[in-house]
Every structure is written in structure tokens, then in C-alpha cells.
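>>> using only what follows, build the 3D model:
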Amino acid sequence: MKVNNLIEILLVEDSQDDAELTMRALKKNRVVNNLIHFKDGEEVLEYIFNTPDNGLPKLILLDLKMPKVDGIEVLRAIKKDDQKKMIPVVMLTSSKEERDIIESYKMGVNAYVVKPVELDKFIEAVSQIGLFWSVINEVPKL
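Purely as a prediction, here's the structure:
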């Protein structure tokens, strides 16, 4: 079995509550079995750039506003690398700021999703994101 089959999603989220809700929504809907949670951008960059290309995830769910290294900087680093830029990155954030949306797309984000405030809508949104990017979407073999 390839290592790539082991890790499906990297969740980069500094809010423990939001991270737990996201993981619960994905597991409840059987979208993902293998997820790693990182609490800041620095941790995820260390992981991504110290993991062989055949062990990279199918998807990165990335918060925008985080300590140490923010989501834009993480996105910029990933999209600059020839192999890692192929990993789909979905910005999952509470920011509706137009400048954040524009900057994310300029840096190569694959999708920008504002976290719904209502619990049931949040769970539905995360489930749909996970289903599309982990199951339906086809990505090249890295």
C-alpha cells in the first residue's frame, strides 16, 4: 500500500473547537478516515516539506488567521513548490474580507469557503468539501 493512501486530509486550524467540529463532520459522513490536525502554519510546513512526495495528502483544509505562520504564507510556500503545488488547498476560514479572498486566489488556492456560523450548516459545508475533494475530485499521482 502506498503511503499516499494513509493520509487523506491535513487540517490546519488553530481553533480546537473548529478543528473538532471539522473532524467530527468528516467522520460522521464517512468522508475521511485518515486526517492529521495541525494547530499552526509552521507545523504544517515542517510536515509537508519533510514528507516524501508519495506521502502527501489528497487535500489541505487551511485556516487563514493563525499564529506563527498564517494561511496565506502556508499557501504561498506550497504553491511555489513544483510537486506540492498539485495538492488541492481549500481555505476554510471565518474571514469574509474581500482582500483575503483575492489574496488567497492570487496565491493559488483551489477554493475559499467561509465557515458557516450555524452548527448544522457548518457540518454540511465541511462534509461537502471533504466529499468533493477527497472522493469525487481526481488528482494526479504525486
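
>>> pLDDT wise, what is the residue nearest to Trp133 when sequence neighbours are not counted at?
Of all residues not flanking Trp133 in the chain, Leu59 sits nearest, at 4.3 Å (C-beta to C-beta, 6 or more residues apart in numbering). (Glycine included, C-beta is placed from N, CA and C.) What the model reports as pLDDT for Leu59 is 91.

>>> ok, Leu59 - contacts?
Applying C-beta atoms under 8 Å, 6 or more residues apart in numbering to Leu59 gives the contacts 8-10, 87-90, 130, 133-134.

>>> bridging residues for it?
Ile9 (DSSP bridges).

>>> how about Pro116, phi and psi?
Recorded main-chain torsions at Pro116 are phi -70, psi 150, according to degrees, to the nearest 10.

>>> how close does it sit to Ile136?
Computed with C-beta to C-beta, to the nearest Å, the distance linking Pro116 and Ile136 is 21 Å.

>>> helix or strand for Leu78, which one?
Small correction: residue 78 is Ile, not Leu. For Ile78, the element it lies in under DSSP states H and E is helix 71-80.

>>> what comes into contact with that helix?
By C-beta under 8 Å, 6+ apart, helix 71-80 touches 12, 41, 44-45, 48-49, 60, 62-65, 84-85, 87, 89, 91, 93, 100, 103-104, 107-109.
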